[in-house]
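Asks: got a predicted structure here, sequence first:
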Amino acid sequence: DPFGIYLPSATPVGMESSSIFFGSVERGDSVTVNLSVWDYTQTAVDTTPFTTVDAVMMTEQAVFNYNLNSSFYNDTNFNPYIVRPTSFDLSTVMGGDYATFLASHYATIAVSFPADDIGTVVRLFDWDDTDMNGDLNYWNSNPYVKDGDIVDHVSRATDPCNLLTMRIGSPTGISALFDDGFAALQLDAATAGVYVNLTITLWQLGTDPDITITDGTTYVDVQLDVPMDAEYGIHQGQIFFEDSGWYHMVPYSYMVDFDMTASYGTNQVLVNGSADVTHTPYDTARTTTAFIDGTTRTDESGGIDVFRVNIPYDITLNASIVVIRAEWERAGTVIDFQVRNLLNGIEAQTSVLDPTSPTKNTVIWDYDDLVNGTWWFLVYTRAFDGASVPEDITITFQLYNATTFAAPTYDNNWVSRTMTTPTFYNHSDVLVGDHVEIDNNWTLPAVAGIPEYVIEETQIALLSGLYVSMTGTYPDPAGVDAWPVPFDGATIYNWETVEGITAGDNVRVAIDAQAAQDPAFDVWAWDDVNDDGIVDEDTELGATSLLSVDSFGSGGAEAGAYTAAESGAIAIRVYAFDYAFVAGAHYVLTVDTRASVDIWSDADPEYASFDTYELRRNITMTVQFYCYTDTDVMFFDELGTVSFMNYFAPVVTVNAPAEIGTGSNIWNLTWSSTDQNADDVPYYSVWLSRDGNPYVLLQQNVTAANFTWDSTSWLEGDYMVRIRAYSCDFTNFTTLGYTDGIICDVGDPPTGYWPGDFSDGFSVSFAAGDVPPPTPTTTTTPPVTTTTTTTPPPTTTPPPVYLDPLLIGLLGGIGVGVVVLLILFLVRKK
């Protein structure tokens, strides 16, 4: 398969012909392999010419744990001195156990530390303290004879990680590796004073009781008898052919399948670290290799433990759901796992969220589909506590009937300051009120035997933008397994098109992997020149693709995103790799540019609410509800579009202007206003119009509901007052999660007003002013001659006019035409 783990052939990928692979077996199986052996004359022989023939395997001999503190010292052999990390003489650290260490043939040395992401190098030296200073130096007094401390060394380094594992061994004993001196371990940490745990595990070769070797006629029979209590997963060993001190080693391996029984709701143990008696270097039940945080690499090759899981389908049980649970010893460690398709390796389930608890990770697979059949199950360590090595792991499976899991339910209601009774709302509804608050409350029925099946958090998502879903049938790739493929007129790929992309959009494109297909796609700018809806690959596409997505043969759904540089349409090319192609398989391709406002549950994980006033505008949005459980099961429902109307213009009523006294020409202008938004503070501007001419601004930033106007020195006429009332909200939005605080600025009227919606009120017409209008000028044109007679205006000198500075520039314009300032008020967006 794509992992190189198992193929329906004689041996796995990379296994030499002299190695033995018994294949996938089950408890109680017996499998015999015929091994051909030739002597130097190329004559077939059996075991007779050999001194001994034994099947052996590595088992744990002893484990030693020590606590060390890394530090630095000044190497004064140099001037200026060099700062070097401290080393530890293992003969001193291990004391009486050092002899046991030297006598063993194979050991793993693990250095772990609970701190996060410390860049550490571990070096193991054959150390001869030539200069007798008790420090390990890189200095030789004579470089030609190398009479300094350093003889030989091995190292292990990575960054970041908090577990480094070094493996050493020798057929004649580890003492042969340190023939010049003592074993010295050096810890090169990023900072001094780091406490680490040193674990030295010794392994011994012992006879594998499950392997029997007998002579055949022209070959050697190697028989595997799988015990009924054999550990699941991969088993390894070697067959040693000894000929008077000369050895030939034949590796062997096999996979013990995990056969689940048709038992409802019971724990079936795949891995049980605390109960395993025999431990091996490749034991899944004990963590000795940690994945580097945030990556899929370890501090050494490998790191993924693989199992074949056989899940039954019992028609009476109708078991269609599997609960998978991993448990470990210490908080800080995280064990992850994946379930993958046996044939093409495509992921079917994975533990992708945070663990169920600090020492447990549980998923429920799969809520909708039957999961019987054979699957790959992969286990790996995402994070490692580092306090000590090894750490025991337990992994269990449970089968459940789908009817056991009752569907969750939810309530969604809304209230406002003016409508306090919780009221259900649905798609297409228009919710009108001051501070419309929506909520969503989920209820998840409990399932016996799965205490982790509870709601972890809920979410309300409000989206605005473009969403398009397209369904099609994968075309036959005609034997092609490469991406990208050249244009060929759409014979081995399909074109899908989408219009309405806007410059600046975050365009997210995704395609599913129905029927275990392995898809790929790319996205192109498209100009449908002919308006025929058909992609012309020669004339209508951009020079290069905007996005190309393929996970390089790993299968599964594909997704990618890009930021649109310009508005227009796009064309998407859909392709499926030949190795996984199934004729008639469908795909669902989606394009999503929606911007989302996400509201998460807080103290109560089942409940989420949101004051839609914080959207800061009246808007129609798509409403989605999410419910996340501790077992990676997620429930989703899209309610549809809902309109939120939170913002209302004030309503203003202008009273009849009243003259103060008799003949004073001073007018008291009064009005009143109301606003459905309780937090709004009204700000007003006062406008005048004479004899139906356009209104001109008299005063703005008025906060009182009255204004005194002295019409003295104004032209006589019939006047009307217009009062424009604005909404000003001084809410500090910083307390609501925004960063802009109070956004209403009355120092810049009316541009700085927020939300700035307004309405006008008008007074009745009233006579005001005491300056007679100027006498009009008349021009007379005789019917025959071109002589023009002009009647001059009266020579009466008008009284002096004393104008308030506010009125300068307005007087001459009243009644004879003015420049009108038109102000467009927009509600600011978030």
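Replies: Received the coordinates, thanks.
Asks: longest strand in the protein, please.
Replies: strand 52-70 (DSSP state E).
Asks: tell me which residues in whichever helix or strand comes after it are buried?
Replies: The helix or strand immediately downstream of strand 52-70 is strand 72-75, counting by DSSP states H and E. Buried positions in strand 72-75, judged by neighbour count with 16 or more other Cβ atoms under 10 Å: 73, 75. To be clear about C-beta, it is placed using only N, CA and C from the backbone, and glycine gets the same treatment.
Asks: for strand 72-75, which helices and strands make contact with it?
Replies: In this structure, strand 72-75 packs against strand 82-85, with contacts taken as 3 or more Cβ pairs under 8 Å, 6 or more residues apart in numbering; DSSP states H and E.
Asks: any idea how many residues pack against residue 471?
Replies: 11 (other Cβ atoms under 10 Å).
Asks: before we move on, what SS does the residue nearest to residue 646 when sequence neighbours are not counted have?
Replies: Residue nearest to residue 646 in three dimensions, not counting chain neighbours: residue 613, with 4.5 Å by Cβ to Cβ, 6 or more residues apart in numbering. Recorded secondary structure, residue 613: helix (DSSP: H, G, I helix; E, B strand; the rest coil).
Asks: need the contact list for residue 613.
Replies: Residue 613 makes contacts with 434-436, 646, as judged by Cβ atoms under 8 Å, 6 or more residues apart in numbering.
Asks: quick one: it from residue 135, how far?
Replies: 69 Å (Cβ to Cβ, to the nearest Å).
Asks: try residue 360
Replies: For residue 360 relative to residue 135 (Cβ to Cβ), the value is 46 Å.
Asks: rewinding a little: which ones among the contacts of residue 613 map onto strands?
Replies: Per DSSP E, those never map to strands.
Asks: from those residues, which is closest to residue 451?
Replies: Using Cβ to Cβ, the shortest approach to residue 451 within these belongs to residue 436, at 37.9 Å.
Asks: does residue 570 really touch residue 505, like I thought?
Replies: No - in this structure, residue 570 is not within contact of residue 505 by Cβ atoms under 8 Å, at 10.4 Å.
Asks: rewinding a little: would you turn the contacts of residue 613 into JSON lines with neighbour count?
Replies: Output for the contacts of residue 613, formatted as JSON lines (neighbours: other Cβ atoms under 10 Å):
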{"residue": "434", "neighbour count": "19"}
{"residue": "435", "neighbour count": "16"}
{"residue": "436", "neighbour count": "24"}
{"residue": "646", "neighbour count": "24"}
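Asks: from those residues, which two are the most distant?
Replies: The widest separation within the contacts of residue 613 (Cβ to Cβ) is 7.8 Å, between 434 and 436.
Asks: overlap in contacts of these two?
Replies: 416, 613, 646.
Asks: separation between the first one and residue 349?
Replies: Plainly put, residue 416 is 43 Å away from residue 349 if you go by Cβ to Cβ.
Asks: what does the last one give?
Replies: According to Cβ to Cβ, residue 646 and residue 349 sit 42 Å apart.
Asks: the second one too?
Replies: When distance is defined by Cβ to Cβ, residue 613 is 41 Å away from residue 349.
Asks: poorly predicted segments of the stretch 501-650 of the chain, please.
Replies: Low-confidence segments of the stretch 501-650 of the chain, defined by pLDDT under 70, span residues 552-556.
Asks: could you list the domains of the protein?
Replies: Domain assignment for the chain by automatic domain parsing gives 20-256, 260-403, 409-464+596-645, 467-593, 651-813.
Asks: pick out the shakiest of those, pLDDT-wise.
Replies: Lowest mean pLDDT within the domains of the chain: domain 260-403, a mean of 75.
Asks: next one: it to chain centre, how far?
Replies: Put simply, domain 260-403 sits 22 Å off its chain's centre (Cα atoms, centre = their mean, to the nearest Å).
Asks: span of that domain from start to end?
Replies: From its first residue to its last, domain 260-403 covers 20 Å (Cα to Cα, to the nearest Å).
Asks: and the closest residue to residue 249 other than its chain neighbours, what element?
Replies: Using Cβ to Cβ, 6+ apart and skipping residues adjacent in sequence, the residue nearest residue 249 is residue 238, 4.8 Å away. Secondary structure from DSSP H and E places residue 238 in strand 233-243.
Asks: can you spell out which helices and strands pack onto that strand?
Replies: Using 3+ Cβ pairs under 8 Å, 6+ apart: strand 233-243 touches strand 52-70, strand 211-215, strand 246-256, strand 305-311.
Asks: please name whichever of those is nearest to residue 700.
Replies: Here strand 52-70 is closest among the helices and strands packed on strand 233-243 (Cβ to Cβ), at 71.3 Å.
Asks: angle of that closest one against strand 211-215?
Replies: Counting by axes from the mean of the first three to the mean of the last three Cα atoms, to 10 degrees, strand 52-70 lies at 150 degrees to strand 211-215.
Asks: buried residues, strand 52-70. List them.
Replies: 53-61, 63-64, 66, 68, 70.
Asks: partners of it in the sheet?
Replies: strand 194-207 (antiparallel), strand 233-243 (antiparallel) (DSSP bridges).
Asks: what's the closest of the contacts of residue 613 to residue 478?
Replies: residue 436 (56.0 Å).
Asks: my guess is that closest one meets residue 416, correct?
Replies: Yes - with contacts counted by Cβ under 8 Å, residue 436 reaches residue 416, the gap being 4.8 Å.
Asks: ok, now which ones touch the residue lying closest to residue 766 once chain neighbours are set aside?
Replies: Leaving aside its sequence neighbours, residue 766 sits nearest to residue 657 (Cβ to Cβ, 6+ apart; 5.0 Å). Contact analysis of residue 657 by Cβ under 8 Å, 6+ apart lists 667-669, 709, 719, 721, 763-764, 766, 768.
Asks: buried only: go through the residues you listed for me.
Replies: 667, 669, 709, 719, 721, 763, 766, 768.
Asks: check for me that residue 93 belongs to a helix.
Replies: Yes - the assignment for residue 93 is a helix, going by three-state DSSP.
Asks: any idea what the spatially closest residue to it that is not a sequence neighbour is bridged to?
Replies: Leaving aside its sequence neighbours, residue 93 sits nearest to residue 66 (Cβ to Cβ, 6+ apart; 5.5 Å). Beta-bridge partners recorded for residue 66 (DSSP bridges): residue 198.
Asks: got a list of what residue 66 touches?
Replies: Contact analysis of residue 66 by Cβ under 8 Å, 6+ apart lists 93-94, 197-198, 200.
Asks: which residue ranges of the stretch 601-750 of the chain form strands?
Replies: 607-611, 619-629, 634-645, 651-654, 658-659, 666-674, 680-690, 696-702, 706-710, 717-729 (DSSP state E, counting those that start in this stretch).
Asks: now the fourth one: buried residues?
Replies: Right, strand 651-654. Under 16+ other Cβ under 10 Å, the buried positions of strand 651-654 are 652, 654.
Asks: so how many other residues sit close to residue 456?
Replies: Neighbours of residue 456 using other Cβ under 10 Å come to 19.
Asks: quick check: end-to-end length of stretch 340-351?
Replies: Using Cα to Cα, the gap from the first to the last residue of stretch 340-351 comes to 12 Å.
Asks: for it, list every residue counted as buried.
Replies: Using 16+ other Cβ under 10 Å as the test for burial, stretch 340-351 gives 340-342, 344-351.
Asks: which residues sit against it?
Replies: With Cβ under 8 Å, 6+ apart, stretch 340-351 has contacts from 1-3, 308, 324, 326, 336-339, 361-363, 365-366, 371, 373-378, 513, 516, 518, 554-556, 579-580, 632.
Asks: now list the buried members of those residues.
Replies: 1-2, 308, 324, 326, 336-339, 361-363, 365-366, 371, 375-378, 513, 516, 518, 555-556, 580, 632.
Asks: report the contact partners of residue 214.
Replies: Here residue 214 is in contact with 220-221, 223 (criterion: Cβ under 8 Å, 6+ apart).
Asks: 7 Å instead?
Replies: residue 221 (Cβ atoms under 7 Å, 6 or more residues apart in numbering).
Asks: could you measure it against residue 238, distance?
Replies: 18 Å.
Asks: can you lay out the buried ones among the contacts of residue 657 as TSV showing distance to residue 166?
Replies: Below are those laid out as TSV (distance: Cβ to Cβ, whole Å):
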residue	distance to residue 166
667	96
669	90
709	92
719	96
721	90
763	92
766	98
768	99
